[in-house]
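In: structural data only, the sequence is not supplied:
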């Protein structure tokens, strides 16, 4: 049960109305990972008015495969009237299909939701590969055994 969050005061009313579902967990679905398996595949979220705060944590135990762009489901549908993005931190991941030929590195990026998309599924995960070519999609083959991915932030729900 969450009784306090930064920017909030603990009040008698909040103590009386606190719910054990203030923070909920879910299992995020990962699409286009091919043969990837996870030792940890979990997420936590809370909803405040029209916004969802979310943290997704993925620990890769078996390497992924394939050339599809990796997508991750959020706990609720995402508002697509404006493009939205969440922060991504990756350790021991490749980028643009380099996962099978390069050692994984620590990388930052974004989990992106396009206005042309729909539902709770991200449209792509973009990863900074530091070469400036603008082609930075996380593909199934880039999910390396031992890799860690954290996606976190706030989005406006549909």
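Out: Perfect, thanks for sending it. Not measured: the values here are computed from a predicted model. Numbering: from 1, shown residues only.
In: CA only for contacts and neighbour counts going forward, please
Out: Fine.
In: any weak-confidence spans in the protein?
Out: Low-confidence regions of the chain, defined by pLDDT under 70, span residues 1-21, 98-104, 130-135.
In: ok, which stretches of the chain are strands?
Out: Using DSSP state E, the strands of the chain run over 24-26, 30-31, 37-48, 51-62, 71-72, 84-93, 105-113, 124-127, 143-156.
In: so for residue 137, which of those sits nearest?
Out: With Cα to Cα as the measure, strand 124-127 is the member of the strands of the chain nearest residue 137 (4.7 Å).
In: so residue 108 makes contact with residue 90?
Out: Yes - between residue 108 and residue 90 there is a contact under Cα atoms under 8 Å: 6.1 Å.
In: could the strands of the chain go into CSV alongside distance to residue 137?
Out: Listed next are the strands of the chain as CSV, based on distance: least, Cα to Cα, whole Å:
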stretch, distance to residue 137
strand 24-26, 25
strand 30-31, 14
strand 37-48, 19
strand 51-62, 17
strand 71-72, 10
strand 84-93, 11
strand 105-113, 9
strand 124-127, 5
strand 143-156, 12
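In: can you redo these as a markdown table with mean neighbour count?
Out: Output for the strands of the chain, formatted as a markdown table (neighbours: other Cα atoms under 10 Å):
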| stretch | mean neighbour count |
| --- | --- |
| strand 24-26 | 14 |
| strand 30-31 | 18 |
| strand 37-48 | 17 |
| strand 51-62 | 19 |
| strand 71-72 | 22 |
| strand 84-93 | 20 |
| strand 105-113 | 19 |
| strand 124-127 | 24 |
| strand 143-156 | 21 |
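In: and of these, who's closest to residue 136?
Out: Closest among these, using Cα to Cα: strand 124-127, at 5.1 Å.
In: quickly note the distance from residue 95 to residue 89.
Out: 13 Å (Cα to Cα, to the nearest Å).
In: same thing with residue 73?
Out: For residue 73, the distance to residue 89 (Cα to Cα) stands at 17 Å.
In: separation between residue 31 and residue 46?
Out: Taking Cα to Cα, one finds residue 31 at 23 Å from residue 46.
In: typo on my end, residue 71
Out: Applying Cα to Cα, one obtains 21 Å for the distance of residue 71 from residue 46.
In: no further questions, thank you.
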